[in-house]
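In: need a structure here:
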Amino acid sequence: MTNQEAIIDPATGKACGQGVAENRVRGIFGAIADKYELFNLITSFGIYRRWLKHTIQAAPLTSQSRMLDLAGGTGDVSWTACQLKPPAHIQLTDLTPAMLEVAKSHIAEGKNMGVPISLEVVDAQEIPYPDQSFDVVTMAYGIRNIPDRMRCLREIHRVLKPGGTFVCLEFSTPPNPLWRALYATYRKIMVPFWGTVLSGRRDDFIYLCKSIEAFPNQQTYAQMLSDAGFSNVTWRNFTGGIAAVHTAVK
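Out: Down below sits the predicted model:
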């Protein structure tokens with residue numbers, strides 16, 4: 001596979017030009033940063049909080065761990081870690097500065113519960129940290145929006161210490177055909193509706209729906225993790241497979 005073939009449009013799964021997808025993702029999430037958490041709460045009926053807890057429960061965090069939260073957005077994964085399994089330090093990163101500004105306000109509110117957290121704008125396809133820097137890398141709803149996913153996964157593998165774990169929460173494919181069809185109908189109707197109500201940017205949320213539809217299923221994504229060099233790749237479905245938490249070990 002050439003590098004050009006690896007760069008895809010997350011909304012279609014088809015090849016696109018360098019920078020096209022990144023600029024669109026940065027624009028979308030920059031515009032909705034202050035409504036992002038409310039949107040997640042409404043559209044998932046609050047269930048997404050359970051998914052976050054399961055994500056951190058799957059992460060082998062200790063009080064000595066260094067954690068990298070990639071595509072961490074406004075910090076939901078990080079705050080859940082601080083609450084359930086506080087590590088020694090969290091590097092909270094995202095491609096969109098506006099999302100990290102919201103995260104910064106949450107730190108001021110004390111959501112980090114005393115855990116040291118550093119914020120930095122980072123492209124997950126080109127992680128600016130040395131090899132073997134982290135014990136755990138987390139990502140929620142991020143890999144789906146990355147155009148060169150294999151490059152990102154190899155970068156995650158690089159910055160993990162030997163024996164370190166990558167834990168990834170992502171929307172996925174319900175195995176049951178009826179549940180899959182019901183979810184697809186809900187997603188296509190209600191996600192753009194609530195996106196329009198909250199932000200007035202219907203097209204952005206249509207993109208998000210398409211990116212979920214185009215993302216590989218659980219088995220295919222697990223194979224991608226293996227191809228990136230990970231071992232012990234497993235996943236667990238939640239809410240009938242609407243979301244899945246994948247774990248992979250270096």
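In: what about the longest helix in this protein?
Out: With DSSP state H setting the assignment, residue counts place helix 177-199 as the longest helix in the chain.
In: show me where pLDDT drops low in the protein?
Out: Low-confidence regions of the chain, defined here as pLDDT under 70, cover residues 1-9, 11-21.
In: report the buried residues of the top strand by length along the chain.
Out: Of all segments of type strand in the chain, defined using DSSP state E, the longest is strand 160-171. Under the neighbour-count criterion of 16 or more other C-beta atoms under 10 Å, strand 160-171 has 160, 164, 165, 166, 167, 168, 169, 170, 171 buried. All C-beta spots, glycine's among them, are computed from the backbone N, C-alpha and C.
In: if we take those residues, which one ends up nearest to residue 115?
Out: Each of these was checked against residue 115 using C-beta to C-beta; the closest is residue 167, at 17.0 Å.
In: which parts of the chain are strands?
Out: In chain order, the chain shows strands spanning 66-70, 89-94, 117-121, 134-140, 160-171, 231-238, 243-249, with DSSP E as the criterion.
In: looking at those strands, which is nearest to residue 211?
Out: The closest of the strands of the chain to residue 211 is strand 160-171. By C-beta to C-beta, the value is 8.5 Å.
In: hang on, residue 247 packs against residue 164?
Out: No. In this structure residue 247 lies outside contact range of residue 164 using C-beta atoms under 8 Å: 11.1 Å.
In: check contacts around residue 157.
Out: With C-beta atoms under 8 Å, 6 or more residues apart in numbering as the criterion, the residues that contact residue 157 are 166, 228, 229, 230, 250.
In: distance of the residue nearest to the third one when sequence neighbours are not counted from residue 248?
Out: Closest residue to residue 229 apart from its sequence neighbours, by C-beta to C-beta, 6 or more residues apart in numbering: residue 157 at 4.7 Å. For residue 157, the distance to residue 248 under the criterion C-beta to C-beta, to the nearest Å works out to 8 Å.
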